[in-house]
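> Predicted model and sequence below, questions to follow.
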Amino acid sequence: MTLYKLGSRGKEVEQIQQKLKDAGLYAGPIDGEFGGGTRSAVMTFQARNKLEVDGIVGPATWQVLFAGAIVTLYKLGSRGIEVEQIQQKLKDAKLYAGPIDGEFGGGTRSAVMTFQARNGLDVDGIVGPNTWRALFAGAIVEPALSARSLDYKCLALTGSFENGVGIPECFAGISGDFDGQGISFGALQWCFGQGSLQPLLKEMAANHTETMRTIFQDRYQELIDALNSPHVELMNFARSIQDPVKYFLYEPWRGMFRTLGRSGEFQQIELHHAAQKYRTALGMAGTYNLGSERAVALMFDVATQNGSIRNRTGERIRDGYNALDTTLSKDDLEVARMQVVANCAAEASLPRWIEDVRRRKLCIANGRGVVHGTDYDIEAQFGIRLARI
């Protein structure tokens, strides 16, 4: 591929300048002249995306700039099977003594930094292309989550907020009767009290009987009998298998339910039962003139946590839109609109929850943030981009 650098000219340079301008990195003219301003913007873009900072648009920089993708990075807060692989490599090298749990926490970061120092790499605690290559002797891989459908990613993100854990544990969150609902389970905390959990468990038992039997073993029939009993008896069963004061499920029930939530079969059932919320999210995004993956994720979280956008809140959103700078780039305008939605949704919440809701919604709108003490990078961890759907 041709290299575009200081002194280059032509239509391709104009395209580069436009992309950099859209990203808010270049304020000069779109004149096809690769001068000092363009070079500085390229270097800033490269630094942000963990590329070699040389001010030259070669194959790697071109791909990231025009494919709309961010170079894959595994860092503090990342989760998934790829993090498990990193942890195992570091454990094999006797640099990491923690659990292989797929959670990129402080212990993993420290081990990565030690590995980087020993191998003459930049010591930043981030597994980018160079560190991955040194660990695995191959090109860095995209998270497996990137290949999943957007509805799955939205459910995983909201499930992570709801349960405080990443994939697959976000699909297996379980809590007891602290709120009078008997047992709440899954990414969206379906519960016995409201009758929303029973259909998922019955569907699993009907369509994946052997998997269900394998998970619950000698407790399988007890669970099935409880599911088919009157509501009062089901609630009594739920309360009989948990601590009456601390509301945590006794073993083996807790472990069995969590195993169920980790199974691919039950995750698909959860996805099916969350489909209406996803359709609602798509409709809400269209209503409020939003078209990105991230916007759909925001609306899915609104539909889950807030229920809907009431008329008065909708009016406030439109008033907020009218106050925005009309000269913003397409992506910047999308983010600004999401920020308006996030703030209006928060302010429509009960007073004690406003700031909690605001942090959660702005985290999605901005693409990153801290929710309940956990760092989130929406694209890196969940594959949810600002790209149009």
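Cool, got the structure.
> Show me which positions of the least confident helix or strand in the chain by mean pLDDT end up buried.
Using mean pLDDT, DSSP states H and E, the weakest-scoring helix or strand in the chain turns out to be helix 59-67, at a mean of 77. Buried positions in helix 59-67, judged by neighbour count with 16 or more other Cβ atoms under 10 Å: 60-62, 64-65. (Glycine included, C-beta is placed from N, CA and C.)
> list the helices and strands it packs on?
Here helix 59-67 touches helix 11-22, helix 36-48, going by 3 or more Cβ pairs under 8 Å, 6 or more residues apart in numbering; DSSP states H and E.
> Does anything pack onto the first one? Which helices or strands?
Helices and strands in packing contact with helix 11-22 are listed as helix 36-48, helix 59-67; criterion 3+ Cβ pairs under 8 Å, 6+ apart.
> now the helices for the stretch 51-200 of the chain?
With DSSP state H, counting those that start in this stretch as the criterion, the stretch 51-200 of the chain has helices at 59-67, 81-92, 106-118, 129-136, 150-163, 198-207.
> Just give me the lowest mean pLDDT stretch among those.
Lowest mean pLDDT within those: helix 59-67, at a mean of 77.
> Where does pLDDT dip in the chain?
Across the chain, the ranges flagged by pLDDT under 70 are 1-2, 67-71.
> re the thing from before, would you list the helices of the stretch 51-200 of the chain in JSON lines and tack on distance to Pro244?
Output for the helices of the stretch 51-200 of the chain, formatted as JSON lines (distance: least, Cβ to Cβ, whole Å):
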{"stretch": "helix 59-67", "distance to Pro244": "55"}
{"stretch": "helix 81-92", "distance to Pro244": "36"}
{"stretch": "helix 106-118", "distance to Pro244": "35"}
{"stretch": "helix 129-136", "distance to Pro244": "48"}
{"stretch": "helix 150-163", "distance to Pro244": "23"}
{"stretch": "helix 198-207", "distance to Pro244": "22"}
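> Could you say which of those helices is packed most deeply?
Mean neighbour count (mean count of other Cβ atoms under 10 Å) peaks for helix 150-163 among the helices of the stretch 51-200 of the chain, with a mean of 24.
> can you tell me how far the nearest residue to Gly159 once chain neighbours are set aside sits from Ala134?
Distances taken as Cβ to Cβ, 6 or more residues apart in numbering place Ala187 nearest to Gly159, at 2.9 Å, with adjacent residues excluded. As judged by Cβ to Cβ, to the nearest Å, Ala187 and Ala134 stand 36 Å apart.
> swap in Ala342?
Computed as Cβ to Cβ, the Ala342 to Ala134 distance reads 39 Å.
> How about Phe178?
Going from Phe178 to Ala134 by Cβ to Cβ gives 47 Å.
> before we move on, what about Ala60?
According to Cβ to Cβ, Ala60 and Ala134 sit 17 Å apart.
> ok, now Ala47?
According to Cβ to Cβ, Ala47 stands 20 Å off from Ala134.
> Same question for His273.
Using Cβ to Cβ, one gets 43 Å for the distance from His273 to Ala134.
> One more: Gly80?
According to Cβ to Cβ, Gly80 and Ala134 sit 20 Å apart.
> Repeat that for Ile174.
Counting by Cβ to Cβ, the gap from Ile174 to Ala134 is 39 Å.
> Val57 too?
From Val57 across to Ala134, the span is 26 Å (Cβ to Cβ).
> Show me the strands in this structure, by range?
174-175, 184-185, 190-191, 368-371, 374-377 (DSSP state E).
> Tell me how many other residues surround the closest residue in space to Arg388 that isn't next to it in sequence.
Once flanking residues are discounted, Arg388 sits nearest to Gly291: 4.9 Å by Cβ to Cβ, 6+ apart. By other Cβ atoms under 10 Å, 14 other residues sit near Gly291.
> which one of the strands of the chain has the most crowded surroundings?
Greatest average neighbour count among the strands of the chain goes to strand 184-185 (a mean of 26), per mean count of other Cβ under 10 Å.
> Distance from that strand to the middle of the chain?
20 Å (Cα atoms, centre = their mean, to the nearest Å).
> Quick check: which helices or strands does it pack against?
Using 3+ Cβ pairs under 8 Å, 6+ apart, the elements in contact with strand 184-185 are strand 174-175, strand 190-191.
> between these, which one is nearest to Asp377?
In terms of Cβ to Cβ, the element of those nearest to Asp377 is strand 174-175, at 26.3 Å.
> Sheet partners, orientation included, of the closest one?
Sheet partners assigned to strand 174-175 using DSSP bridges are listed as strand 184-185 (antiparallel).
> sorry, back to before: quick one: which of the helices and strands packed on helix 59-67 is nearest Arg388?
It's helix 11-22; of the helices and strands packed on helix 59-67, that one is closest to Arg388 (Cβ to Cβ) at 13.0 Å.
> C-alpha coordinates for the closest one, CSV please?
The C-alpha trace of helix 11-22 is given here as CSV (Å, rounded to 0.1, in the frame of the first residue of the first chain):
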residue,chain,number,x,y,z
LYS,A,11,-7.6,12.9,-3.0
GLU,A,12,-6.5,10.2,-0.5
VAL,A,13,-5.0,12.9,1.6
GLU,A,14,-8.3,14.8,1.5
GLN,A,15,-10.0,11.6,2.8
ILE,A,16,-7.5,11.3,5.6
GLN,A,17,-8.0,14.9,6.6
GLN,A,18,-11.8,14.5,6.6
LYS,A,19,-11.6,11.4,8.8
LEU,A,20,-9.3,13.2,11.2
LYS,A,21,-11.6,16.3,11.2
ASP,A,22,-14.6,14.0,11.9
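> Can you check what angle separates it from helix 59-67?
Interaxial angle, helix 11-22 versus helix 59-67 (axes from the mean of the first three to the mean of the last three Cα atoms, to 10 degrees): 60 degrees.
> which of the residues in helix 11-22 are buried?
By 16+ other Cβ under 10 Å, the buried positions in helix 11-22 come out as 13-17, 19-21.
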